[in-house]
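S.K.: When you get a sec, could you give me coordinates for this:
(one chain, ligands or ions: 2)
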Amino acid sequence: MDITPEQNLLSQVDSAGITQEKSFSHIAATTDQIELASIDMTWPKEKITEGIMDQLRNLGFLLLTNVPGYNEDELKHACQWMFNLSEEEKRKLYQHHHNPKNTNYYRGLSPFIANDVSHKELFDMGLEYSQVSDYEKIFSLQEQTPFPDDQGDDGQKFKTFMHQHYDIMQNLGVQLMSHIADGFGLPSNYFETWFKDDPCSTLRLIHYLPRKANVVACDKLTEEELKLTTPEHTDSGFLTLLSTFNYPGLQVDIGGGVYKSIKPVPNVLVVNIGTMLSRITNNDLKATWHRVLDIGVDRYSSPFFLEPKYSAEIPQQLDPSLMTEEQKNNKLVYGDWLIESIKRFAEFANFQKTKPTLSDLQAQIQLDQTN
Ligand SMILES: O=C(O)CCC(=O)C(=O)O
Ligand SMILES: [Fe+2]
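M.R.: Ligands and ions are numbered 1, 2, ... in the order given. Take a look at the predicted model:
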């Protein structure tokens, strides 16, 4: 790896290819890697449930092996193909706030952003729009994902593969939720009404570049921020099924703010949970903080965020005995909650819950003309 003197901040590279900085102890403490416990999807049902519950109650991260239908090589190929498209082609897929000509707000591409604490471009897709029921289509989170239409057979193959992979991840997510239901002694199909039809799940492709690639300005970031391409965070929803394509760089907080690198393993999915699932289990299952290091070279990954349908009514707690009568009557509508939580990001500040009706659009056009 070639590193210029200007990048001496990023000058320590460990054996896993992870960029490290000597003078910051909490980063230096992460050179040793941890191996995540693996759950083999060919195990008997009870053993899978036990393994999942145990990991989610402790570290909050685990690996899944032998996932039926999962094709890591093809997913990586799809990821690289997408991010290798020309800038002109990519602009056609940008979300509205990155290209005002486009009408996709929630799905599509988002480019590298100058001085952002994240350093990545990403593509978000939702459930194939033709599969969404008319009722759920009124909500803005259900939106047609834009695909590259001018790429002939390759574009078609990409789209077909991505829909297949989405369905495999969605079904796997529902299966894992049934293990979690079993683990809490609930009926196995307890979560099915939330997830089975019309899910708002997002399949994301991510391309990270090292900051030294200079694709966008990073001059306003602190030295700490420059070491990461995704700052520390917890995921927000239910389950995340992540493909890291055997790249290093993912780190988890093992407790007290101490981060450890996860040893990359080929052909596995990394599983963790979001704050919403943690919250309704009374924090019995852990939504663990994690982050991604700048590894000094291109990095690809693909998280699938399992999410319920917009209108799913989520109780405050899975265990009714932990709730007051008032809490029992105070369920949260998943999509409303999600929109409230994304509104804190400037690009979604005006995001509406439902799509505009024809008369809303006409009123807007009149307003634009009078201004
Ligand atoms: O790229 C990775 O390995 C992790 C990404 C991540 O944590 C996220 O997108 O929420
Ligand atoms: Fe995450």
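S.K.: contacts, neighbours, all on C-alpha from now
M.R.: Will do.
S.K.: what residues does stretch 143-162 touch?
M.R.: Residues from elsewhere that reach stretch 143-162, judged by Cα atoms under 8 Å, 6 or more residues apart in numbering: 75, 78, 89-90, 92-93, 104, 106-108, 124-126, 128-129, 137.
S.K.: An error on my part: the question was meant for stretch 312-320.
M.R.: Here stretch 312-320 has contacts from 193-194, 279-282, 323, 327-328, 330-335, using Cα under 8 Å, 6+ apart.
S.K.: how far does that stretch stretch from start to finish?
M.R.: Start-to-end span of stretch 312-320 (Cα to Cα, to the nearest Å) is 18 Å.
S.K.: Buried ones in it, by neighbour count?
M.R.: Going by neighbour count (16 or more other Cα atoms under 10 Å), the buried part of stretch 312-320 is 312-318.
S.K.: Repeat that for stretch 127-145.
M.R.: Buried residues in stretch 127-145 (16+ other Cα under 10 Å): 127-128, 132, 136-145.
S.K.: quick check, stretch 195-204 touching ligand 1?
M.R.: No. Stretch 195-204 lies out of reach of ligand 1 by Cα under 6 Å from any ligand atom, never closer than 7.8 Å.
S.K.: Show me what counts as buried in that stretch.
M.R.: 195, 198-204.
S.K.: Quote the end-to-end distance of stretch 110-119.
M.R.: 11 Å.
S.K.: Please shift the residue numbers so they start at 667 in all later answers.
M.R.: Got it, the first residue is 667 from now on, which makes the last one we talked about stretch 776-785.
S.K.: Would you mind pulling the contact partners of that stretch?
M.R.: Stretch 776-785 is contacted by residues 760-761, 764, 786-789, 874-877, 881-887, 891-892, 894-897 when judged by Cα under 8 Å, 6+ apart.
S.K.: helix, strand or coil for the closest residue to ligand 1 within the stretch 917-1037 of the chain?
M.R.: Residue nearest to ligand 1 within the stretch 917-1037 of the chain (Cα to the nearest ligand atom): Ser967, separated by 4.9 Å. Using DSSP: H, G, I helix; E, B strand; the rest coil, the secondary structure recorded for Ser967 is strand.
S.K.: residue contacts, it?
M.R.: Counted by Cα under 8 Å, 6+ apart, Ser967 has contacts 742, 871-873, 908-911.
S.K.: Could you list the low-pLDDT ranges of the stretch 917-1037 of the chain?
M.R.: Applying pLDDT under 70 to the stretch 917-1037 of the chain picks out residues 1027, 1037.
S.K.: tell me the strands in it, going along the chain?
M.R.: Assigned by DSSP state E, counting those that start in this stretch, the stretch 917-1037 of the chain shows strands spanning 925-928, 935-939, 956-959, 965-972, 979-980, 998-999.
S.K.: before we move on, back to that, how about the residue of the stretch 917-1037 of the chain closest to ligand 1, nearest residue that isn't a chain neighbour?
M.R.: Distances taken as Cα to Cα, 6 or more residues apart in numbering place Thr910 nearest to Ser967, at 4.6 Å, with adjacent residues excluded.
S.K.: Could you pull up phi and psi at that neighbour?
M.R.: phi -110, psi 0 (degrees, to the nearest 10).
S.K.: Please tell me the pLDDT value assigned to it.
M.R.: Note for Thr910: predicted pLDDT of 98.
S.K.: what's the distance between it and Ile928?
M.R.: Distance, Thr910 to Ile928, by Cα to Cα: 10 Å.
S.K.: out of these two, which sits in the busier spot?
M.R.: Neighbour comparison, Thr910 and Ile928: the larger count goes to Thr910, with 24 against 20 (by other Cα atoms under 10 Å).
S.K.: What residues does the more buried one make contact with?
M.R.: 930, 935-936, 966-968.
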